[in-house]
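>>> for reference, the sequence and a predicted model appear below.
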Amino acid sequence: MDRGEQRLSKVTAKNQLQGKEIKKDYLDEAVHGYNTRTAMEEAARCVLCYDAPCSKGCPADTKPADFIRSIRFRNFKGAAATIREANALGGCCAKVCPYDRLCEEACSRTGIDRPIQIGKLQAFAVDMERKFNMKILEAKKADKEKVACIGSGPASLSCASKLAREGYQVTIFEALDKPGGVLTYGIIPSRLPQDVVDFDIEKVKELGVEFVFNKKVGQDITLTELKEQGFKAFFIGTGLWKSREIDIPGINLKGVRNAIGFLKEARSGKGETKVEGNVIVIGGGDVAMDCAATAKLLGAERVTIVYRRTIEEAPADIAEIEYVQSLGISIITKFAPQEILGDDGKVAGLIARGTDDFSELKLKADTIVFAIGQEAEDMKKIAPIELNENGTIACDIAKGFTNIEGIFAAGDIVNGGKTVVEAVAQGKSVAESIMNYLSKKEGVN
Amino acid sequence: MAHKADLSIDYLGVKCENPFFLSSSPVGSCYDMVKKAYEAGWGGVFFKTVGIFIADECSPRFDNNAKEATPWIGFKNMEQISDKPLEDNLQAMYRLKRDYPDKIMVASIMGSNDEEWTELAKLVTQTGADLIECNFSCPQMTSHAMGSDVGQSPDLVRQYSKAVSSATDLPVIAKMTPNLGNMEEPAIAAIEGGAAGISAINTIKSITNIDLEFKTAMPVVNGKSSISGYSGAAAKPIGLRFIAQMKQHPLLKNVQMSGIGGIETWRDALEYILVGSHNVQVTTAVMQYGYRIVSDMISGLSYYMEEEGFDKVEDMVGLALPNIIPAEELQRNFKIIVDIDHDLCIGCGRCYISCFDAAHQAINWDFENRRPTVNDECVGCHLCLNVCPVLNCITPGKILWKEDWKITPDEINFKTRYE
């Protein structure tokens, strides 16, 4: 064992103590789950608050106080039911929610020592749902109007689940060949294993929601055609799939990648994709962290993150930052890329300039991944709806009404790129708007 | 968690929406409290005991027992019967029954002589209560003509049960004290006196902790303290035992029982049902957590019944009784050797220590790899399973027959697994 390995093994040991054993395989989950005994131990730490602040801290109203209490009183199935009833993507949210900024930040136990690990308890309850093969949600007879949901990411799945439960005939149109959107293509499996995504989606399918793949609305099929097929309302939850780019010398060299393409390729490769040499990731969000971890776990020799602000300002979850650091990835802050150096048409290095306008950085690179944000694709292709300056859809976030009657929207395509749980929350509340709209319309007819 | 099966059960001729009741205690001592409890989902209440005697309470009056970091393993209280005027309590019972006719109101009463018992029985009958429970069992009364001193005397129990049942048309329940060796005797006496049902157990006489500064029991009441009633999770094994033993007695096997003692979860409640209770009563867990715990009891029991295919709570009553047998009848000609999973093992060595110091020196310790292995001395006691901190690391393994035995191992049912 050389010194570097020794140091890493110390880091590993320390993280193990905190329940964060570092896994070294791309497809392995980074965090160990609870079993019945360890879940009970954690639930026993819960102080069982009155008017619990954690429950108020969840955008999707997943009621952590209720499901933790159920676990504590050995009603594991009840805990699973609480979660599934409130949050169609309870399994995924358990893995990717920024707990430290939501329910866990609100946790009263923090006043004693540290918050309850709500995410891990939620994952445990969803595991129980799977273990007991529970069928928690029931759909009313599907005799109401046809609704088309465009995109199969968190907002659409959440909206479709709610509508199907109330008896609407819902079809999800997905441009790619698998459902899940960002859940399936945009997050590293060590954070969000595919089977967790598939299980949540299976629960949506069980409600009778139909999925149509490889159909990009506005390209492979038009809204007019869908109207002709009898769809009475449309929900746009396409997310943001265009990578933001910057115009610097060398941007077109071979080896310059965008984050979405990079993650999608790795995820589709099921761990077989090879990454070699020196990789630089530009950005400071969760997507940047996922790209860096992906590169490292798929074999890159050295991975470096270059970010133009400070760690404190980075939008990435602190747990994600700690995770990439534990993998030996360094994060260089307050540097912005200035030029990409090439050799024979391929990336050879990066020159970045300090935001202090003095410091200079020159790094060797074989691959440079830009993870500096995503933008909306051209939504006008779907319908002539009103857009914001940045291309997102202009509408009320909670209600989801666009300027065109019968067309609704939610999730990243409206809020400009937030969390999965917020997309779930918005998808759910916009489903209410759609139901109101359709029932009023029915009254008029 | 909205899951809800039909949990209704007929108890002494009264149809109850579920078997979850508050026991006669501070948790059901006024209109607003019981109203909130009903709305949280409790099927009924044994209202705080009323008497001609009005209690004058000490301060402080509670203590709890902890083990390591877990408080409230057991709980001690020094409260007596109601400290409110009798008229107020009768009014509250009347209004609760009027406003919540589908919920079950059990009036709990305590007198000190035939006249008081008779009068109380008449008064509470007029409130519209569904049932009457005679409190023969509070262990901290300031009068020795009342409480567990009465419950320990089968003759007094018979006499007062008779006084009460002669004064009312309502079914009468006798609440037993566990502060004796044999509960069957006072229980039979109560039935002989006219009681229709038995509740058990009231609290256990206890000293939870001795204060090292004042050198008295806790809680310290101006430098002194008293022996008084112990309840909570630690009391469950004792309550289950008394219910099972009564239900196995030929003279009591058809008497409906109400189980009390350490019930916090649906599982605790179900355990009382399986040893023969028609319903359960809860106080300590409500004192610690509030009325809200009933929602997980309702949901958890519903899920269990669905999983096991039970349609009615009634069908589960007493199912464990045939399987609880005298020690001399247990089969003793096999031993189940344990398996230790070396991948799950974390190398703590607790099994080694316990096996050597408290069992049969049947575990060898590999110092280099920090792993235990079982040797030929294993008698199948499973102490190691009990101390192992890792779930499913040590499990029951091979069955060894002590002598030539005819049946095949498939016919052995065993379970020593710890969640």
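Yep, it's here.
>>> how about the residues of chain B that lie near chain A?
Within chain B, the positions lying close to chain A (CB under 8 Å from any CB of the partner chain) are B:1-3, B:70, B:264-267, B:289-290, B:292-293, B:295-297, B:299-300, B:303, B:307, B:391-392, B:419. From N, CA and C alone the C-beta is placed, and that goes for glycine too.
>>> quick one: which of those sit in helices?
B:266, B:267, B:289, B:293, B:295, B:296, B:297, B:299, B:300, B:303, B:307 (DSSP state H).
>>> one step back: which among the residues of chain B next to chain A end up buried?
Of the members of the residues of chain B next to chain A, the ones counted as buried by neighbours, 16 or more other CB atoms under 10 Å in any protein chain shown, are B:1, B:3, B:264-266, B:289, B:292-293, B:295-297, B:299-300, B:303, B:391.
>>> mind checking the SS state of the residue of the stretch 301-445 of chain A found nearest chain B?
Among residues of the stretch 301-445 of chain A, the one nearest chain B by CB to the nearest CB turns out to be residue A:428. It sits 17.1 Å away. Under DSSP: H, G, I helix; E, B strand; the rest coil, residue A:428 falls in the helix class.
>>> residue B:279 now?
From three-state DSSP, the assignment for residue B:279 is strand.
>>> now residue B:398: which helix or strand?
Mapping residue B:398 onto the secondary structure by DSSP states H and E places it in strand B:394-401.
>>> who does that strand pair with, and is each partner parallel or antiparallel?
Paired strands of strand B:394-401, with direction, are strand B:334-340 (antiparallel) (DSSP bridges).
>>> following the partner strand, which helix or strand comes up?
helix B:350-358.
>>> and the contacts of that following helix?
With CB atoms under 8 Å, 6 or more residues apart in numbering or on different chains as the test, helix B:350-358 has contacts from B:340, B:361-365, B:372, B:383-384, B:386-389, B:394.
>>> mind doing that once more with 6 Å?
Surrounding helix B:350-358, the residues in contact under the criterion CB atoms under 6 Å, 6 or more residues apart in numbering or on different chains are B:362, B:363, B:365, B:372, B:383, B:384, B:387, B:388.
>>> repeat that for stretch B:49-66.
Applying CB under 6 Å, 6+ apart, the external contacts of stretch B:49-66 come out as B:24, B:71-83, B:86, B:89, B:108-110, B:116, B:135, B:208, B:218-219, B:221.
>>> and that stretch, how far out from the chain middle?
20 Å (CA atoms, centre = their mean, to the nearest Å).
>>> quick one: buried residues of it?
B:49, B:50, B:51, B:52, B:53, B:55, B:58, B:61, B:63, B:64, B:65.
>>> cool, and stretch A:95-111?
Neighbour-count burial for stretch A:95-111 [16+ other CB under 10 Å]: A:95, A:96, A:97, A:98, A:99, A:102, A:103, A:104, A:106, A:107, A:108.
>>> can those residues go into TSV with extra columns for distance to chain B, pLDDT and secondary structure?
Written out in TSV, the entries for those read as follows (distance: CB to the nearest CB, whole Å; pLDDT from 0 to 100; DSSP: H, G, I helix; E, B strand; the rest coil):
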residue	distance to chain B	pLDDT	secondary structure
A:95	22	95	helix
A:96	24	93	helix
A:97	20	93	coil
A:98	25	89	coil
A:99	21	88	helix
A:102	21	92	coil
A:103	18	95	helix
A:104	21	93	helix
A:106	19	94	helix
A:107	18	96	coil
A:108	15	96	helix
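>>> re the thing from before, pull out the buried residues from the contacts of stretch B:49-66.
When burial is judged by neighbour count using 16+ other CB under 10 Å, the buried members of the contacts of stretch B:49-66 are B:24, B:72-82, B:86, B:89, B:108-110, B:116, B:135, B:208, B:218-219, B:221.
>>> mind checking which of those are in helices?
B:86, B:89, B:116.
>>> of all the residues you listed, which comes closest to residue B:131?
residue B:89 (15.8 Å; CB to CB).
>>> quick check: closest non-adjacent residue to the closest one.
With sequence-adjacent residues excluded and distances taken as CB to CB, 6 or more residues apart in numbering or on different chains, residue B:89 is closest to residue B:50, at 4.6 Å.
>>> returning to that earlier point: turn the buried residues of stretch A:95-111 into JSON lines, including distance to residue B:244.
Rendered in JSON lines, the data for the buried residues of stretch A:95-111 read as follows (distance: CB to CB, whole Å):
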{"residue": "A:95", "distance to residue B:244": "45"}
{"residue": "A:96", "distance to residue B:244": "49"}
{"residue": "A:97", "distance to residue B:244": "46"}
{"residue": "A:98", "distance to residue B:244": "51"}
{"residue": "A:99", "distance to residue B:244": "45"}
{"residue": "A:102", "distance to residue B:244": "47"}
{"residue": "A:103", "distance to residue B:244": "43"}
{"residue": "A:104", "distance to residue B:244": "44"}
{"residue": "A:106", "distance to residue B:244": "45"}
{"residue": "A:107", "distance to residue B:244": "41"}
{"residue": "A:108", "distance to residue B:244": "40"}
